[in-house]
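Visitor: Need coordinates for the following:
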Amino acid sequence: MDEVARGIATAALTLQSAVLQALVAHSVMSPAQALEAIDLAMDASMRNAASKAEDDVEVVVIEALEGVRLGLVDLLN
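Guide: Coordinates of the predicted model:
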């Protein structure tokens, strides 16, 4: 995965984190719903990669989503 793709993925997942945290903070979404959304995204991201590049993408996405999930858990505690 090149640095441009990594930057785009990081920006998109950072935005997702901010949106989910705002939705929870404004009681639009429950904390459980936000965590479920992240878990669903993680499940969808885990698949058999057909190439090294796809495997690299999967690793970056999973790491970022785990960070989003931890951020929400911290926000809720």
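
Visitor: Next, find the distance separating the residue positioned nearest the centre of the chain from residue 4.
Guide: When C-alpha atoms, centre = their mean is applied to the chain, the residue found nearest the centroid is residue 65 (2.7 Å). Distance, residue 65 to residue 4, using C-beta to C-beta, to the nearest Å: 20 Å. Quick note: C-beta positions are derived from backbone N, CA and C, even for glycine.

Visitor: just residue 28 next, same as before
Guide: From residue 28 over to residue 4 the distance is 33 Å, taken as C-beta to C-beta.

Visitor: same question, residue 10
Guide: Per C-beta to C-beta, residue 10 is found 11 Å from residue 4.

Visitor: Look at these two and report which has more neighbours.
Guide: More neighbours surround residue 10 than the other of residue 10 and residue 4, with 15 against 8 (other C-beta atoms under 10 Å).

Visitor: Now the more buried one. Nearest residue, chain neighbours left out?
Guide: Leaving aside its chain neighbours, residue 10 sits nearest to residue 64 (6.4 Å; criterion: C-beta to C-beta, 6 or more residues apart in numbering).

Visitor: Next, count neighbours for the nearest residue to residue 72 once chain neighbours are set aside.
Guide: Distances taken as C-beta to C-beta, 6+ apart place residue 34 nearest to residue 72, at 5.5 Å, with adjacent residues excluded. By other C-beta under 10 Å, the residues close to residue 34 number 23.
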